[in-house]
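Q: need a 3D model of the following:
(one chain, ligands or ions: 1)
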Amino acid sequence: MRNPLGLMLACVVTPVVIAAVWFWTTSSQRIELAAPKTVAQLADRLAAAAPAARPLPAREDVEVTAAIPEKPAAPPQPKNTCANPDALGVSRVVVVDTAGGPGFGFQHFKQLDFLTDKEVVLTFDDGPWPGNTPAVLKALADECTKAVFFPIGKHATYHPEILKQVAAAGHTVGAHTWSHANLNSKKMTEQIAKDEIEKGYSAVKLALGAAPSPFFRFPELQHGPAAMAYLGSRNIAMFSCDLDSFDFRAKNPEQIVNTVMTKLDKQGKGIILMHDFQKHTAEALPTLLRRLKAGGYKVVQMKAKAPLQTLAEYDESLVKDMKMPVASTRPVGNVVQTVSE
Ligand SMILES: [Zn+2]
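A: Numbering: from 1, shown residues only. Okay, the predicted model is just below:
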């Protein structure tokens with residue numbers, strides 16, 4: 001009995017053992033196989049997930065959405081609130097890299113032709129001046145358009161509050177020497193030319209409380225070679241013009257409008273030279289801007305890539321000069337006392 005029983009047992013147990021061994025082996029194989037499969041899947045999943053996770057907001061996106069501010073929020077920019085739906089406006093803004101002192105305006109510089117047909121740049125010299133400059137600012141604001149101003153240093157010290165309004169309105173502010181000296185005259189020396197240029201910029205900076213743009217216009221468009229070399233070394237862009245309004249000679253506002261429009265219709269585009277110092281110009285401007293709009297002209301605003309670093313010695317000497325008459329800092333009660341009433 002033993003043998004048959006043993007055989008029976010063997011018959012039953014052996015397959016069970018074989019089955020158990022097979023199961024154990026295959027399942028462990030399965031586990032071994034499954035593990036790398038799972039890792040591979042995980043790797044795939046990670047690889048698939050990585051690109052999705054990687055595009056963290058670009059720097060610009062961060063600033064726009066303000067999701068992760070990296071620096072304190074910038075002061076709110078004045079909103080572009082143009083009340084005039086038919087305004088002349090600004091068609092484009094260009095930024096000028098003034099390195100090396102590039103020249104603009106075909107009357108003297110023929111290299112940089114950046115304006116396309118029907119594009120104009122509005123420029124105003126010799127301000128700031130009471131009455132006229134504010135009137136020019138109003139005309140520009142009514143048309144929601146922008147210009148470049150070249151103030152005289154002395155005028156900036158007389159009327160800093162007006163020049164501040166020019167900058168506050170978003171216009172570009174360069175300079176036009178300290179005292180409107182002809183930098184190309186026979187008497188002009190390199191030192192005087194440098195003083196005129198630098199003192200002019202320091203005066204504009206003092207008036208604005210901020211650095212001006214490194215944009216310069218020669219008084220009377222008298223381009224002295226030494227002064228040009230100096231401006232180049234200071235990385236200041238030089239502005240001649242394409243189109244002179246001769247507004248300082250005009251007998252009335254209509255004459256200015258006609259001169260500008262006649263020249264413009266002939267030339268098709270250009271940097272227009274005017275003077276916010278001139279009364280007739282201030283009077284002509286509302287009509288002139290309407291005519292530009294009607295003629296299909298578009299205004300381009302020119303801005304500098306970076307402000308001008310004025311020279312400390314000129315800033316300091318100007319402040320000293322300005323304070324000369326009131327050198328004493330004693331309170332008035334210590335200086336003037338009532339002795340009899
Ligand atoms: Zn001038």
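Q: and for stretch 155-165, what's in contact with it?
A: 126-130, 133-134, 137, 149, 151, 173, 203-204, 206-209, 277, 318, 322 (Cβ atoms under 8 Å, 6 or more residues apart in numbering). C-beta: built from backbone N, CA, C; applies to glycine.
Q: switch to 7 Å and redo it
A: Residues from elsewhere that reach stretch 155-165 (Cβ atoms under 7 Å, 6 or more residues apart in numbering): 127-130, 133-134, 137, 151, 203-204, 206-208, 322.
Q: repeat that for stretch 246-254.
A: Residues from elsewhere that reach stretch 246-254 (Cβ under 7 Å, 6+ apart): 256, 259, 274-275, 278, 280-281, 283-284, 287.
Q: and these as TSV, adding secondary structure, pLDDT and distance to the ion?
A: Formatted as TSV, those follow (DSSP: H, G, I helix; E, B strand; the rest coil; pLDDT from 0 to 100; distance: Cβ to the ion, whole Å):
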residue	secondary structure	pLDDT	distance to the ion
Ile256	helix	98	16
Thr259	helix	97	17
Met274	strand	98	10
His275	strand	97	7
Gln278	coil	96	10
His280	helix	97	15
Thr281	helix	98	12
Glu283	helix	98	19
Ala284	helix	98	17
Thr287	helix	98	23
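Q: now the buried members of the residues you listed.
A: Taking 16 or more other Cβ atoms under 10 Å as the criterion, what is buried in the contacts of stretch 246-254 is 256, 259, 274-275, 278, 280-281, 283-284.
Q: need the contact list for Ala99.
A: Applying Cβ under 7 Å, 6+ apart, the residues near Ala99 are Asn235.
Q: how close does it get to the ion?
A: From Ala99 over to the ion the distance is 25 Å, taken as Cβ to the ion, to the nearest Å.
Q: quick one: secondary structure of that residue?
A: Classification of Ala99 using DSSP: H, G, I helix; E, B strand; the rest coil returns coil.
Q: ramachandran coordinates for it?
A: With angles defined as degrees, to the nearest 10, Ala99 sits at phi -60, psi 130.
Q: if we can go back for a sec, need the buried ones among the contacts of stretch 246-254 in TSV (columns: distance to His180).
A: Converted to TSV, those look like this (distance: Cβ to Cβ, whole Å):
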residue	distance to His180
Ile256	20
Thr259	22
Met274	16
His275	11
Gln278	14
His280	19
Thr281	16
Glu283	22
Ala284	22
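Q: got the residues of this protein near the ion?
A: 125-126, 219 (Cβ under 5 Å from the ion).
Q: and which of these is nearest to Arg291?
A: Proximity of those to Arg291 (Cβ to Cβ) peaks at Asp125, which lies at 21.0 Å.
Q: who touches the helix or strand harbouring Glu316?
A: Assessed by DSSP states H and E, Glu316 sits inside helix 312-323. By Cβ under 7 Å, 6+ apart, the residues outside helix 312-323 that reach it are 157, 198-199, 202-203, 205-206.
Q: let's see if you can find the most crowded of those.
A: When the contacts of helix 312-323 are compared by neighbour count (other Cβ atoms under 10 Å), Ala203 ends up highest, at 31 neighbours.
Q: tell me if I'm right that it and Gly153 touch.
A: Yes: between Ala203 and Gly153 there is a contact under Cβ atoms under 7 Å: 3.3 Å.
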